[in-house]
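Q: missing the sequence, but the structure's below:
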């Protein structure tokens, strides 16, 4: 049985103090990743855990010109939040697809990002929404574009004395369409491929196109070349085919115990096709 | 060095003293002696350890015991009907053949109970979705889902009768 101190600070300042002062202290929120690793022995438990679950400042959602989601908000809370569902549907759907009810009630959005699994469900939507993250230490506060946060599998730019405190997204203007698709071997399983898209479409012309894929590279990927193919173009079956082919080529999946690289590329192609086809003239559904 | 905590368990205030690294499942099955909650995997994959905390299901094998301070916890032992017998969900599982070895059953019943509290009339997809985190190796799930539909219908009916 892994053993450690377990601290439950009530304020962010107390949490930052603990992280700075206690040698080797590590933050934990939902613990659905870390506690499993400590138990399995794939990660060494630190001498002290600093739980962020009781820090109220990290549990708020604020929706105004900027949407601010506290890092310790649970995945279930993100999935259920009315305004997030309306304004950031790709993020709400990603949250709803993560794990299962029990996991979603405990896991946090900050934990999903800080854990930096290539399959993290909330990551591709945050890329297409151009999210930024607020990182705080006792001494300083900095804001980092989410695209620069994840460095590799399990690795982020968080310093050892920093806490991820909130996710910031500029409130999308009206008319932004965004969507998230994912597939695992079963619903509870990690994604073997996932795709988030965001774009505007008027008179069939696409603009503000963002495409991001998860579980198909070392980090969640913005597909810049795919975006270039779509940006400013008129949506038609030919364009969809071209963009889907490019997306399948642009991702960098591996074959592993869950899926083959080839199947993962196929999923990316299918997801992008679906997201775009639903906007083709004649495919629109009112209401 | 143990830490004291106090919380509400199945409607009663309970005090306990735990190691900082203790899991909720350890507290429930150990000092509190409630062995209805099962440890199937210890990794949050199977849901056999499901309990309800402040109205929401969680895997007690991944829930630090200290985090339950000041919260309301319901284990399988805490379910019963108004007359002290089995709850409608429990009854439906028994009568509908939704139990074989019984190991997944407490978790299944708690997940179903939490679902019906939020959604008294779930469709098949909603029932499956709510139970994604509860694995059964025996039944093939069909009779479990049907028991939940039966329980939902009888609870709605009872609601109409007392209205």
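A: Thanks, I have the structure now. Computed from a predicted structure; not experimentally measured. Numbers count the residues shown, from 1 in each chain, chains lettered A, B, ... in the order given.
Q: Can you tell me, leaving aside adjacent residues, what's nearest to whichever residue of the stretch 1-150 of chain A sits closest to chain B?
A: Residue nearest to chain B within the stretch 1-150 of chain A: residue A:100 (2.8 Å; C-beta to the nearest C-beta). Glycine gets a C-beta too; all of them are placed from N, C-alpha and C. Excluding its sequence neighbours, the residue lying closest to residue A:100 (C-beta to C-beta, 6 or more residues apart in numbering or on different chains) is residue B:133, at 2.8 Å.
Q: which SS class is the one you found?
A: Here residue B:133 is recorded as coil under DSSP: H, G, I helix; E, B strand; the rest coil.
Q: Per-residue pLDDT of it, please?
A: With respect to pLDDT, residue B:133 scores 98.
Q: How about the contacts made by it?
A: A:99, A:100, A:101, A:102, A:103, A:188, B:47, B:50, B:57, B:59, B:111 (C-beta atoms under 8 Å, 6 or more residues apart in numbering or on different chains).
Q: And for the residue of the stretch 1-150 of chain A closest to chain B, the neighbour number?
A: Residues near residue A:100, counting by other C-beta atoms under 10 Å in any protein chain shown, number 23.
Q: From residue A:156, how far out is it?
A: Separation of residue A:100 from residue A:156 (C-beta to C-beta, to the nearest Å) stands at 25 Å.
Q: Next: residue B:16.
A: Distance of residue B:16 to residue A:156, given as C-beta to C-beta: 36 Å.
Q: Can you tell me the closest non-neighbouring residue to residue 64?
A: By default, I'm working from chain A. residue A:171 (7.1 Å).
Q: that's the other chain; I wanted chain B
A: Distances taken as C-beta to C-beta, 6+ apart place residue A:6 nearest to residue B:64, at 6.1 Å, with adjacent residues excluded.
Q: what do you get for residue B:105?
A: Nearest non-adjacent residue to residue B:105 (C-beta to C-beta, 6+ apart): residue B:99, at 5.1 Å.
Q: pretty sure that neighbour is in a strand, no?
A: No. Counting by three-state DSSP, residue B:99 is not part of a strand but coil.
Q: For residue B:99, give me the pLDDT.
A: Residue B:99 carries a pLDDT value of 97.
Q: so the residue of the stretch 1-150 of chain A closest to chain B sits right up against residue A:188, yeah?
A: Yes. Counting by C-beta atoms under 8 Å, residue A:100 does reach residue A:188; the two are 5.0 Å apart.
Q: Need the overlap of contacts for those two.
A: Here residue A:100 and residue A:188 share the contacting residues B:132, B:133, scored by C-beta under 8 Å, 6+ apart.
Q: who are the neighbours in contact with residue 116?
A: This is for chain A. Residues near residue A:116 by C-beta under 8 Å, 6+ apart: A:150, A:151, A:152, A:153, A:154, A:155, A:156, A:219.
Q: The chain in question should be chain B.
A: Residue B:116 touches B:89, B:122, B:148, B:151, B:152, B:155, counting by C-beta under 8 Å, 6+ apart.
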